[in-house]
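In: Compute the structure for the input listed below.
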Amino acid sequence: MSYEIGQLANDLKKQFGGKKKVYRLVDAYEAAWARLQHEEAGAPRDPRDLQFEAALLDWLRYHRAMLIGELVPIALRYLRANPHAALLPAYQAVLVDEFQDLNKADQALVDVLATNANLTVVGDDNQSIYRFRYANPEGIRVFPARHAGTISYTIEECWRCAPNIVAMSNDLLAHDPIARHAPLTPQPGRGAASMYIVQHLTLGNEADALAAYVDHYLNRRNGLPPGQVLVLSPRRIFGNGVRDALIRRHRNAMSYFWEDALAEDAAAEGFCLLTLLVRRDDRAAYRAWLGLGDADGNRAGYARVRAYAEEHGLEPFDVSEQLSAGQIDLPHTKKVVQRHNELKARLAALAGLEGLPLVAALWDATDPDTLTVRLAAGAVAANSPQPQNLQPRLAEVITQPELPDSAGDVIRIMSLHKAKGLTAELVVIAGCVSGALPTVDAKLPPAEQDLDLKEQRRLFYVAITRAKDTLVLSSVTHLPLREALKANIPPSGIFWDRGELSARVAASPFIDELGPMPPRPRTIRGSDWRAALNF
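Out: Take a look at the predicted model:
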């Protein structure tokens, strides 16, 4: 789980240059150390990578854990080393969709699966948006050269989007000189989509206006399923604000920022407690519990507990018990013992609970940081009330979410990445502000910054091309400074506003890249938008 990986990063950060570098090394390990398209997936070549892999595997083996992302490199390694292993069916055909989202390890595994089969891949290099896992747009660009006898077909006509959205998406992509050279053409005879570019003063103004428009849109198009409304956002603070405003209007809206469901300590602690309630000897969960809420993850204290446990053949939980009882003494473990005692008290309070009372005891209903996981847990608990059933099912929901389809009665709210492959009559993109879209780390080398910028342009392209009938692009100019910093949105200025520090932000530069006006509409104030459409 994400919060467990966070403690793994705490334990390895001193050795490998900080948590960010640990996360990037984990991503590279999951890509079988092939960071670029021309590199071969396999064992690490760099001494630093080799050292990290050894430390990572040591941590994982001790904690009886594995990474979800390990599945592909482990399978690839085994199949390459055991070509006579009678494990795989003799496939006659292998079809891979969204090929541009595969990293080199994924691609190598596909080649193994298709050793004696016809291989067909489908993809669009301009929709390559998973560079963080080392998927590169070059993957599909060089596929014919790497697979002799490939027959290539190009789809140039877009049936998903209206002509004006097609035109704007072509202009957007034209800002990348190595993107698709042949612009898409719209479906003949299709009318233009409605499109609005609006800017609001505050986060609350944006959420209220967008919710009001969605409500107005659905009332005007009576009979249209709410599932035909898709709200996208580069940060959950924007998307969840719209969700809350829709719920206040008695609309059924659900946030699917599952990648952030356990991002906050309060949300992670509840799931961690549930795991330890079911399996007290879950070492990864116990390690996470000890570290949650501490900036350093109680790294030094836990290292001493683990070392003593390994030396004496004990569980870390049992070592903490002995420390708590005064039976042994280890320096700098006071905070570990405090967390351990808190865990015991919380587990005792949970004993015998199941279903919704268990969910209520795990997550504070008044804490907005736990809302997503609480809603998910409540839905799962209806059919799986016992802790031993609730925990694995909830883990599956968080790590492998199933979105309701567009014919349902739920307005779906999610990240831009999650929208891949989806379409809707109305698409609203909230939080189109510079610093969130795009987000470019100024500490990276210029070449890396350029690659990030190009990928986030492709991400915006994916987002705007989800709309079939109406597209709304929305931004704000002011954010509470604490929210901006929490969401990793660098302010262009800071000022006092009604007793609190606010961050000044601006609209995403990608909006200016959508081409001339028209077909791109002029940006208007949110209040003028509401007045013009009377909602």
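In: Going by C-alpha atoms from here, please, whenever you check contacts or count neighbours.
Out: Fine.
In: buried residues in stretch 250-259?
Out: The neighbour-count check on stretch 250-259 (16 or more other C-alpha atoms under 10 Å) flags 251, 253-258 as buried.
In: repeat for stretch 263-277
Out: 265-277.
In: what does it rub up against?
Out: Contact with stretch 263-277 is made by 2-3, 261-262, 282, 285-286, 288-289, 292-293, 343, 346-347, 350-351, 362-363, 369-370, 373, 387, 391, as judged by C-alpha atoms under 8 Å, 6 or more residues apart in numbering.
In: From those residues, keep the buried residues only.
Out: For the contacts of stretch 263-277, buried by 16+ other C-alpha under 10 Å: 2-3, 261-262, 282, 285-286, 288-289, 292, 343, 347, 350, 362-363, 369-370, 373, 387, 391.
In: all strands of this structure, in order?
Out: 93-96, 118-121, 157-158, 185-186, 194-200, 229-233, 253-255, 411-415, 424-429, 467-476, 478-480, 493-497, 500-504, 524-525 (DSSP state E).
In: Single out the most deeply packed of the ones you listed.
Out: strand 229-233 (a mean of 28; mean count of other C-alpha atoms under 10 Å).
In: from the buried residues of stretch 263-277, which single one is nearest residue 444?
Out: residue 265 (28.1 Å; C-alpha to C-alpha).
In: what ranges of the stretch 51-200 of the chain fall below the confidence cut-off?
Out: Within the stretch 51-200 of the chain, the ranges that satisfy pLDDT under 70 run 180-181.
In: can you list the domain ranges for the protein.
Out: Per automatic domain parsing, the domain ranges recorded for the chain read 1-153, 163-256+403-533, 265-399.
In: First-to-last residue distance for the second one?
Out: The stretch domain 163-256+403-533 measures 23 Å between its terminal residues, going by C-alpha to C-alpha, to the nearest Å.
In: again, but for the last one
Out: End-to-end distance of domain 265-399: 17 Å, with C-alpha to C-alpha as the criterion.
In: Over to the first one?
Out: From its first residue to its last, domain 1-153 covers 40 Å (C-alpha to C-alpha).
In: how distant is that domain from the center of its chain?
Out: Its chain's C-alpha centre and that of domain 1-153 lie 18 Å apart, by C-alpha atoms, centre = their mean, to the nearest Å.
In: low-scoring stretches of this protein, by residue?
Out: 180-181, 259.
In: how about 80 then?
Out: 178-182, 258-260, 401, 403-404 (pLDDT under 80).
In: Minimum distance to residue 12: which of the strands of the chain has it?
Out: Once the strands of the chain are compared by C-alpha to C-alpha, strand 411-415 is nearest, at 29.5 Å.
In: The closest one vs strand 229-233, what angle?
Out: 20 degrees (axes from the mean of the first three to the mean of the last three C-alpha atoms, to 10 degrees).
In: before we move on, back to that, looking at the strands of the chain, spot the one closest to residue 105.
Out: strand 93-96 (14.2 Å).
In: what lines up beside the closest one in the sheet?
Out: Here strand 93-96 has these sheet partners by DSSP bridges: strand 118-121 (parallel).
In: Report the contact partners of residue 323.
Out: Listed by C-alpha under 8 Å, 6+ apart, the contact partners of residue 323 are 329-330, 337.
In: and the residues you listed, which are buried?
Out: residue 337.
In: would you turn the contacts of residue 323 into TSV with distance to residue 526?
Out: As requested, the contacts of residue 323 are exported to TSV (distance: C-alpha to C-alpha, whole Å):
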residue	distance to residue 526
329	63
330	60
337	53
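In: Just name the closest of the contacts of residue 323 to residue 46, please.
Out: Lowest distance from residue 46 to those (C-alpha to C-alpha) belongs to residue 330, with 36.9 Å.
In: Next, the contact list for that closest one, please.
Out: Residue 330 is in contact with 304-305, 323, counting by C-alpha under 8 Å, 6+ apart.
In: Ok, residue 92 next?
Out: With C-alpha under 8 Å, 6+ apart, residue 92 has these contacts: 114, 116-118.
In: Distance check, it against residue 114.
Out: In terms of C-alpha to C-alpha, residue 92 sits 8 Å off from residue 114.
In: Which residues outside stretch 101-108 are in contact with it?
Out: Residues contacting stretch 101-108 (C-alpha under 8 Å, 6+ apart): 31-32, 34-37, 39-42, 72-73, 76, 128-130, 133-137, 139.
In: Out of the residues you listed, which end up buried?
Out: 31-32, 34-37, 41-42, 72-73, 76, 128-130, 133-137, 139.
In: that older thread, taking the contacts of residue 323 one by one, which sit in helices?
Out: The members of the contacts of residue 323 that map onto helices under DSSP state H are residue 337.
In: that older thread, output the buried residues of stretch 250-259 in JSON lines, with distance to residue 409 appended to each entry.
Out: Listed next are these as JSON lines, based on distance: C-alpha to C-alpha, whole Å:
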{"residue": "251", "distance to residue 409": "9"}
{"residue": "253", "distance to residue 409": "9"}
{"residue": "254", "distance to residue 409": "10"}
{"residue": "255", "distance to residue 409": "14"}
{"residue": "256", "distance to residue 409": "15"}
{"residue": "257", "distance to residue 409": "18"}
{"residue": "258", "distance to residue 409": "19"}
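In: Next, give me the two most distant ones among the residues you listed.
Out: Comparing all pairs in the buried residues of stretch 250-259 by C-alpha to C-alpha, the longest separation belongs to 251 and 258, at 20.5 Å.
In: Check the offset of stretch 183-202 from the chain's centre.
Out: Mean C-alpha position of stretch 183-202 versus that of the full chain (C-alpha atoms, centre = their mean) differs by 26 Å.
In: what about dumping the CA coordinates of it to CSV?
Out: Listed next in CSV are the C-alpha coordinates belonging to stretch 183-202 (Å, rounded to 0.1, in the frame of the first residue of the first chain):
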residue,chain,number,x,y,z
PRO,A,183,-3.5,16.4,-37.7
LEU,A,184,-6.6,14.5,-37.0
THR,A,185,-9.6,15.2,-39.1
PRO,A,186,-13.1,15.5,-37.6
GLN,A,187,-16.0,13.2,-38.5
PRO,A,188,-17.8,14.6,-41.5
GLY,A,189,-21.1,16.4,-40.9
ARG,A,190,-20.7,16.6,-37.1
GLY,A,191,-21.7,19.8,-35.3
ALA,A,192,-19.5,21.8,-33.0
ALA,A,193,-19.4,21.2,-29.3
SER,A,194,-20.2,23.8,-26.7
MET,A,195,-17.1,25.0,-25.0
TYR,A,196,-16.5,27.4,-22.1
ILE,A,197,-13.2,28.7,-20.6
VAL,A,198,-13.9,30.3,-17.2
GLN,A,199,-11.9,31.7,-14.4
HIS,A,200,-13.1,32.2,-10.8
LEU,A,201,-11.6,34.2,-7.9
THR,A,202,-11.5,31.4,-5.3
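In: still on that earlier bit, could you dump the buried residues of stretch 263-277 into CSV with distance to residue 455 added?
Out: Formatted as CSV, these follow (distance: C-alpha to C-alpha, whole Å):
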residue, distance to residue 455
265, 30
266, 32
267, 30
268, 30
269, 34
270, 35
271, 33
272, 34
273, 38
274, 38
275, 37
276, 39
277, 42
